[in-house]
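J.: With the input below, show me the fold.
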Amino acid sequence: MPTNKQIHLDSRPQGEAAAGNFKLVTGQTPEVREGQVLVRHHFLSLDPYMRGQMNDAKSYAAPQPLGQVMGGGTAGEVAESRSPRYQPGDKVVGMGGWQEYSVVDADRPGALRKVDTTHVPLSHYLGAVGMPGVTAWYGLAKIIEPKAGQTMVVSAAAGAVGSAFGALAKARGCRAVGIAGGAEKCGYVTSELGFDACIDYKEHKDAGSLSKALKQACPDGIDGYFENVGGMVLDAAVLRMNAFGRIALCGMIAGYDGQPLPMAYPQLLLTNRIKLQGFIVGEHMEIWPEALTELGMLVSSGKLKPRESVAQGIESAPQAFLGLLKGRNFGKQLVKLA
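T.: Numbers count the residues shown, from 1 in each chain. The predicted structure follows:
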């Protein structure tokens with residue numbers, strides 16, 4: 001069996017996560033037994049939610065155990081199979097974690113999923129046509145429930161979730177406005193992703209200033225807002241929400257290091273009868289087939305042009321992950337393993 005490099009969580013962060021919290025481990029891949037398959041991972045997905053799992057604190061997901069492989073989504077190829085359900089060469093996605101190989105029980109529900117790479121590249125099944133894309137789809141379709149002509153806004157618009165949200169909103173006849181960090185990202189959001197406008201939050205020192213920029217970009221107010229960031233960005237958006245507006249709360253990356261994230265204008269939730277709903281997309285598996293079908297069509301037709309930041313080799317995963325938390329990635333953050 002092949003040698004397998006892995007990244008383990010070696011210690012829990014005290015405040016900001018650091019490279020020293022991770023450890024590179026090399027070992028032998030377990031033998032493939034009856035009903036199992038050996039998957040060679042080609043890509044590893046890095047996602048903001050992983051930061052919360054590094055803490056030993058109550059959350060919607062169990063903490064990442066110390067001394068074990070960091071969990072995470074993977075896309076790869078079946079290298080060996082002792083199950084009739086999979087053949088060597090099948091392209092698959094799963095939750096193989098931060099390692100080069102995984103041995104998977106083929107009959108375990110949700111453990112692996114075959115994917116067709118004829119029109120959609122394998123890596124996109126970890127981004128636009130994977131969990132991030134489905135996250136955008138659920139927040140828009142099931143929580144915000146847009147109507148044609150309404151204004152939709154998303155923070156972290158240049159990321160994997162934000163870019164999919166924009167394409168999905170435009171497909172429903174909505175005005176799409178993004179919030180992103182830096183002129184280059186905002187240029188990508190408007191020119192390549194087709195958003196109607198994008199605001200560089202780095203040009204604004206407080207919620208009031210950012211809210212004024214949102215007022216210019218959204219002259220008719222905001223009907224639906226998809227939140228990935230929290231803090232000042234959420235405060236600015238709430239100031240511009242229309243009556244009966246809807247907010248899909250997906251992430252609060254501004255608070256992932258443990259500091260409180262007070263809300264400056266909570267009274268506006270009542271004044272404008274705003275619906276604010278948090279959600280975890282893994283709790284809504286029933287909508288994945290419908291969402292993935294639409295997302296796959298958007299990518300294959302060129303209406304959604306996902307961008308990727310790709311680090312090379314398993315050793316690069318910790319630094320790439322820390323960069324993701326700082327917003328240094330452009331689009332979906334991946335690690336290429338093969």
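J.: does Phe321 really touch Leu46, like I thought?
T.: Yes: contact criterion Cβ atoms under 8 Å: Phe321 and Leu46 qualify, at 4.9 Å. For glycine as for every other residue, the C-beta is placed from the backbone atoms N, C-alpha and C.
J.: shared neighbours, the two?
T.: Common neighbours of Phe321 and Leu46, using Cβ atoms under 8 Å, 6 or more residues apart in numbering, are Gln333.
J.: Residues in contact with stretch 192-203: which ones?
T.: In contact with stretch 192-203 (Cβ under 8 Å, 6+ apart) are residues 155, 157-158, 163, 166-167, 170, 175-183, 185-187, 189-190, 210, 213-214, 217-218, 232-233, 303-305, 307.
J.: if we go to 6 Å?
T.: 163, 166, 170, 175-181, 183, 186, 189-190, 210, 213, 217, 305 (Cβ atoms under 6 Å, 6 or more residues apart in numbering).
J.: Show me which of these are buried.
T.: Taking 16 or more other Cβ atoms under 10 Å as the criterion, what is buried in those is 163, 166, 170, 175-181, 186, 189-190, 210, 213, 217.
J.: Farthest pair within the residues you listed?
T.: Lys170 and Leu210 (23.0 Å; Cβ to Cβ).
J.: got the residue ranges for the helices in the protein?
T.: 49-53, 131-138, 160-171, 183-191, 207-217, 232-240, 267-271, 288-300, 317-325 (DSSP state H).
J.: I'd like those helices as CSV, with mean pLDDT and distance to Gly97 appended.
T.: As requested, these are exported to CSV (pLDDT from 0 to 100; distance: least, Cβ to Cβ, whole Å):
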stretch, mean pLDDT, distance to Gly97
helix 49-53, 91, 10
helix 131-138, 97, 14
helix 160-171, 97, 19
helix 183-191, 96, 29
helix 207-217, 98, 37
helix 232-240, 97, 31
helix 267-271, 98, 38
helix 288-300, 96, 20
helix 317-325, 96, 10
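J.: who wins for proximity to Trp98 among the ones you listed?
T.: Using Cβ to Cβ, the helices of the chain put helix 317-325 closest to Trp98, at 5.4 Å.
J.: Identify each buried residue in the closest one, please.
T.: 317-318, 320-325.
J.: for this protein, where's the lowest mean pLDDT among helices and strands?
T.: helix 49-53 (a mean of 91; mean pLDDT, DSSP states H and E).
J.: what's it packed up against?
T.: Under the contact definition 3 or more Cβ pairs under 6 Å, 6 or more residues apart in numbering; DSSP states H and E, helix 49-53 sits against no other helix or strand.
J.: got the contact list for that helix?
T.: With Cβ under 6 Å, 6+ apart, helix 49-53 has contacts from 59, 61, 63-64, 256, 325.
J.: any idea how far Gly327 is from the spatially most central residue of the chain?
T.: The chain has Pro132 as the residue nearest its centroid, 3.9 Å off, counting by Cα atoms, centre = their mean. With distances taken as Cβ to Cβ, to the nearest Å, Pro132 is found 15 Å from Gly327.
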